[in-house]
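> Provided below are the primary sequence and the corresponding predicted coordinates.
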Amino acid sequence: MLVRWLWVIVLAGCTAGTPQGSFVQNETGIIVTPAENAQRRVRLEVRTDRTVRVTSVDDANLELPKSLMVVASTQATPKFEVEKGDGEVVLATEKLAAHVSLANGAVAFKDRDGNVLLAEAASEPPAAGVTRRFNPGTDGCWVSRAAPWCISPSARAK
C-alpha cells in the first residue's frame with residue numbers, strides 16, 4: 001500500500017507544468033522575462049503594422065546607447081493585440097504576429113495566415129550571448145551586436 005502511494009506522489013510530481021516566464025504589456029509592445037534566465041529581457045516594440053523592433057539583453061537593463069541603425073519613430077504606435085497562449089505570448093498587428101517563447105525567449109514571426117516568416121533557432125546562443133541565428137539551413141539571417149542587421153550567407157560570400 002505504501003509503495004502505491006509513493007508512485008502516486010512521484011507521478012504527480014512528474015506532471016507538474018514546466019516553469020513559465022512572464023511578460024508585461026506597455027503602450028508600444030511587450031517585455032518578456034523567460035523562465036530559463038530570469039535576468040534576460042526580450043522587448044518587442046511595434047513600429048508599424050509590418051515592423052516590430054526586437055531587443056534582447058542578458059540583464060534587466062533595456063536602456064541601450066543610441067544607434068545609427070535605429071531611428072526614433074515619429075508616428076503613433078499602430079494598434080496591436082497581446083494574447084498569452086500555451087507557453088508563449090503573441091503580439092499581433094494587422095499584418096503579422098510575433099510569437100515569443102515564455103520558456104526561453106525565442107522569437108518567431110508569422111504572417112496572419114500562420115506561415116513562418118522568420119524564426120529564431122532553438123539552439124542555445126554562444127556563451128557571450130551576442131549572436132542569434134534565424135531560419136537555419138536557409139538563406140536566413142545572422143543578427144549580432146557587432147552587426148545588428150540581417151546579412152544573408154550568399155551576400156556575405158560576395
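Nice, I can see it. Residues are numbered from 1 along each chain as shown.
> Leaving out chain neighbours, which residue sits closest to T48?
Spatial nearest neighbour of T48, excluding adjacent residues (Cβ to Cβ, 6 or more residues apart in numbering): P78 at 6.1 Å. Quick note: C-beta positions are derived from backbone N, CA and C, even for glycine.
> what about S22, neighbour count?
S22 is flanked by 13 other residues according to other Cβ atoms under 10 Å.
> ugh, wrong one, I meant K84
For K84, the neighbour count with other Cβ under 10 Å is 12.
> was I right about it contacting V24?
No: in this structure K84 lies outside contact range of V24 using Cβ atoms under 8 Å: 11.8 Å.
> Send me stretch 88-98 as CSV with only the CA atoms.
Taking Å, rounded to 0.1, in the frame of the first residue of the first chain, the C-alpha atoms of stretch 88-98 are listed here in CSV:
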residue,chain,number,x,y,z
GLU,A,88,4.1,31.7,-25.4
VAL,A,89,2.9,35.2,-25.7
VAL,A,90,1.7,36.5,-29.1
LEU,A,91,1.9,40.2,-30.2
ALA,A,92,-0.2,40.7,-33.3
THR,A,93,-0.6,43.6,-35.7
GLU,A,94,-2.8,43.8,-38.7
LYS,A,95,-0.1,42.3,-40.9
LEU,A,96,1.9,39.9,-38.7
ALA,A,97,2.2,38.1,-35.4
ALA,A,98,5.3,37.8,-33.2
